[in-house]
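Novice: Got a predicted structure plus its sequence, pasted below:
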Amino acid sequence: MTNQEYEILALNDKIGHYIRIRSLNKAKHFAVYRTFTKRFPNGKEVNADISEEIQDILVKSIKEKGITEGFILKFDENDNYSNFDEEKINPDEIRHISGNSEKSFTSTGAKLNAHWPIFHKLNETGFGSIIRATLTLHQVCSSRCQFCSTINRNKKDSTTFEETKEFIEKLYFDQAEYNKKYFSKYNDQYKKLTGSDIRLKGLILSGGGQPNLWPHFEKLVNWLSSLDIDIGLITNGFPKNIDDKIYDKFKWIRLSITPEDASPHYIDKKFNLQRIPQNIIDNKKTFFGLSYVYGPWTNDDILKRLSLSINKWNLDYIRMLTDCNLTRNEQLKSHNVLAEKLYKLSLIDKFGNNNGKIFHQLKFHGTEKEAEELWSEGKCYLQTYNVFWDTTGHETNGKSFCYPCDSVTVLAEENTRQQSKRGFDGNIWGTVTNDKVELLYKEKWKKFFDPRKHCSACLFMKNNKVVKDLTASSIQKLKQIKIDKDLEHINFP
Ligand code: SF4
């Protein structure tokens, strides 16, 4: 494994010793690491501050194991830096139950039943139906998260309002017309089930961290609110330069809580002191949740303050997960540590059910064997209903690629020891460019790349499997589907 695309420096300042890792691509984004994880032979992990003695060991470890796993070091029972063999961990060993919160507020495949006619259409005709989209709009973010999945981004890769509007119009108006005209049988079935033609139902604005810093954000959201689309927002913070009223137009808002030394929004480096628009807290119609990535930067104080923010900010949920840049086995170990922490804090019960609004999302990479079984035709199933338009390359090419999912930036593969790319690579995972998005529903589902070759670490294998099964089901079976009425966010499957 090589790290030629990053500069790794051991430095110190008045706060203490740290490691700075800088991407060597055009924009040269960097992150500062002041903590690392100590792992002991019994599986216990402790997150600790980086000291002068440990700095060189860490640099060596990062060079060897990459910029994510390099921060996990092994220590013996006497707290000396050490080495020992470890067992692999099985997902079933982790204290976890997939409950209503995980199914509603994340993408597990559970909500796809509510859209079954599009898979019946796929089965009989071979044509996909794009009902969900996520747009980054630009690559601007003022945070410097250690787990950033797009550290290799270029700040100038931004889209215009017109390009964005045209993209959405094709998926909303044109797609509905197309289905009415050419696929009326399936369109009627879908209308009976959902009340609308087959077209875009849910749209997420996610940005390169902060979509609300995109210059046309308010204009776009105001226009979107005149359409019948559920809109979701994922952001790292709420800048003061736009009118807070705009947030009332969202179906849901998810605030990402970054490591506390990584955000300029946190007063005194405390996430709970950041500015949250009062209308978001008071609005009963908009779901408001937090997302937190567990890692070496986590301590019990942060977990306690996360818990306290539920009442203070009127939250609907807090989603906790681990760093997706880790390879499968390391990610599962991290999930295990997180689950045990949540259990000790009585946030989940002994089976893994959440006791309150904090839930654990057990999201982990797949394996090569699963990839071979799942994608017998060598095509990604998410491509048939979901589109993620990322603006990487827009400055140079005047257009940029769509992808079937956002996780192609974090496909850390254990078998090949390939580190996650931490950026979008349209030459591998790109489908169509934004100006041709209609081809995703006007042309038959086709192979742009083979997921067996490029996605064996896929984080959405369950979702792929659900689509595969729904597509293979008979109409009699599909008509018997009972849609779970407790699920929220049905239009973000
Ligand atoms: S990672 Fe999975 S969902 Fe994403 S493009 Fe590859 S196969 Fe599809």
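Specialist: Arrived safely.
Novice: dump the residue contacts of the residue nearest to His265 when sequence neighbours are not counted.
Specialist: With sequence-adjacent residues excluded and distances taken as Cβ to Cβ, 6 or more residues apart in numbering, His265 is closest to Gly237, at 3.8 Å. C-betas here are computed from N, CA, C, even on glycine. By Cβ atoms under 8 Å, 6 or more residues apart in numbering, the contact list for Gly237 reads Ser142, Ser143, Gln210, Leu255, Ser263, His265, Gln274, Arg275.
Novice: Next up, the contacts around the first one.
Specialist: Ser142 makes contacts with Gly209, Gln210, Leu213, Asn236, Gly237, Ser263, Pro264, His265, as judged by Cβ under 8 Å, 6+ apart.
Novice: quick one: it from Tyr33, how far?
Specialist: Ser142 sits 18 Å away from Tyr33, going by Cβ to Cβ, to the nearest Å.
Novice: which residues in the stretch 201-350 of the chain form strands?
Specialist: Under the criterion DSSP state E, counting those that start in this stretch, the stretch 201-350 of the chain contains strands at 202-205, 230-235, 252-257, 287-294, 317-322.
Novice: Just put these in TSV and tack on mean neighbour count.
Specialist: Output for the strands of the stretch 201-350 of the chain, formatted as TSV (neighbours: other Cβ atoms under 10 Å):
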stretch	mean neighbour count
strand 202-205	23
strand 230-235	22
strand 252-257	23
strand 287-294	21
strand 317-322	24
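Novice: Output these as TSV; include the columns distance to the ligand.
Specialist: Compiled in TSV, those are given as follows (distance: least, Cβ to the nearest ligand atom, whole Å):
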stretch	distance to the ligand
strand 202-205	15
strand 230-235	17
strand 252-257	20
strand 287-294	19
strand 317-322	16
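Novice: Just put these in JSON lines and tack on distance to Thr471.
Specialist: Shown next, in JSON lines, are the strands of the stretch 201-350 of the chain (distance: least, Cβ to Cβ, whole Å):
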{"stretch": "strand 202-205", "distance to Thr471": "20"}
{"stretch": "strand 230-235", "distance to Thr471": "24"}
{"stretch": "strand 252-257", "distance to Thr471": "28"}
{"stretch": "strand 287-294", "distance to Thr471": "30"}
{"stretch": "strand 317-322", "distance to Thr471": "28"}
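Novice: Pretty sure Thr194 sits against Ala114.
Specialist: Yes: the criterion here is Cβ atoms under 8 Å, and Thr194 meets it with Ala114 at 7.2 Å.
Novice: what about the residue of the chain most remote from its centre, which helix or strand?
Specialist: Ranked by distance from the centre of the chain (Cα atoms, centre = their mean), the top residue is Asn78, with 38.1 Å. Using DSSP states H and E, Asn78 falls within no helix or strand.
Novice: and it, what pLDDT?
Specialist: On pLDDT, Asn78 comes in at 95.
Novice: Relative to the ligand, how far out is it?
Specialist: Distance of Asn78 to the ligand, computed by Cβ to the nearest ligand atom, to the nearest Å: 42 Å.
Novice: what's near enough to touch that residue?
Specialist: Contacts of Asn78 by Cβ under 8 Å, 6+ apart: none found.
Novice: For stretch 462-469, list every residue counted as buried.
Specialist: Neighbour counts over stretch 462-469 (16 or more other Cβ atoms under 10 Å) mark Lys462, Asn463, Asn464, Val466, Val467, Lys468 as buried.
Novice: burial count for the closest residue to Lys249 other than its chain neighbours?
Specialist: Once flanking residues are discounted, Lys249 sits nearest to Ser225: 4.3 Å by Cβ to Cβ, 6+ apart. A count of neighbours around Ser225, defined by other Cβ atoms under 10 Å, yields 14.
Novice: Pretty sure Ser225 sits against Ile231.
Specialist: Yes: with contact defined as Cβ under 8 Å, Ser225 counts as touching Ile231 (7.3 Å).
Novice: how about the contacts of Gly237 in TSV, adding pLDDT?
Specialist: Putting the contacts of Gly237 into TSV (pLDDT from 0 to 100) gives the following:
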residue	pLDDT
Ser142	80
Ser143	83
Gln210	90
Leu255	97
Ser263	88
His265	83
Gln274	95
Arg275	95
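Novice: Which of the residues you listed sits closest to Phe119?
Specialist: Leu255 (32.8 Å; Cβ to Cβ).
Novice: per-residue confidence at the closest residue to Gly202 other than its chain neighbours?
Specialist: Excluding the flanking residues, the one nearest Gly202 by Cβ to Cβ, 6+ apart is Asn491, at 3.6 Å. Note on Asn491: pLDDT of 96.
Novice: Wait, a helix at Asn491?
Specialist: No: read with DSSP: H, G, I helix; E, B strand; the rest coil, Asn491 is coil and lies in no helix.
Novice: So what does it look like in phi/psi?
Specialist: With angles defined as degrees, to the nearest 10, Asn491 sits at phi -90, psi 10.
Novice: what sits against it?
Specialist: Asn491 touches Ile131, Arg132, Lys201, Gly202, Ile229, Asp230, Lys251, counting by Cβ under 8 Å, 6+ apart.
Novice: Can you add distance to Ser473 and pLDDT and give these back as CSV?
Specialist: CSV is the format used below for these (distance: Cβ to Cβ, whole Å; pLDDT from 0 to 100):
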residue, distance to Ser473, pLDDT
Ile131, 18, 98
Arg132, 20, 98
Lys201, 21, 98
Gly202, 23, 98
Ile229, 27, 98
Asp230, 26, 98
Lys251, 29, 98
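Novice: For the residues you listed, which entry has the maximal number of neighbours?
Specialist: Ile131 (27 neighbours).
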